[in-house]
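>>> Kindly generate the corresponding structure for this input.
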Amino acid sequence: MATQGDIGKRGGKWGREFGPFLTLGLQLAITVVAFFFLGQWLDHEFETDPWLMLTGVTIGVVGGIIKFVKTALEIGKTMNSSSGDRDKL
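As a prediction, this is how the structure comes out:
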């Protein structure tokens, strides 16, 4: 039977390993939503409905995915190098 301390130790390890990946999805969503609202506001200001909103969403999606992939690759490299160091011990 697992004790409270055992559960806390496993939860901490899980959080350290997967925490950075979990924030990536949130970053992507925030980027898309922010550019959507920016485009919508610009559409309202310049009366260009819906073109600037669509442009904003496109920029948000493309930029967010590029950032997502770059960050995921960096995290993967970091995790691989740190797991390789542990294997040597």
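
>>> Settle this for me: residue 38 is touching residue 57, isn't it.
No - if you go by CB atoms under 8 Å, residue 38 and residue 57 don't touch, sitting 9.7 Å apart. All C-beta spots, glycine's among them, are computed from the backbone N, C-alpha and C.

>>> Need the residues that contact stretch 33-52.
The contact list for stretch 33-52, computed with CB atoms under 8 Å, 6 or more residues apart in numbering, reads 53-57, 59-60, 63.

>>> go again using 7 Å as the cut-off
Stretch 33-52 has contacts (CB atoms under 7 Å, 6 or more residues apart in numbering) with 53-57, 59-60.

>>> what's the answer for stretch 71-80, then?
For stretch 71-80, contacts defined as CB under 7 Å, 6+ apart pick out 20-21, 24.

>>> Now list the buried members of those.
Buried subset of those (neighbour count, 16 or more other CB atoms under 10 Å): 20, 24.

>>> Out of the contacts of stretch 71-80, flag the one nearest to residue 69.
The nearest member of the contacts of stretch 71-80 to residue 69, counting by CB to CB, is residue 24 at 9.4 Å.

>>> Can you tell me the closest non-neighbouring residue to that closest one?
Nearest residue to residue 24, sequence neighbours excluded (CB to CB, 6 or more residues apart in numbering): residue 68, at 5.4 Å.
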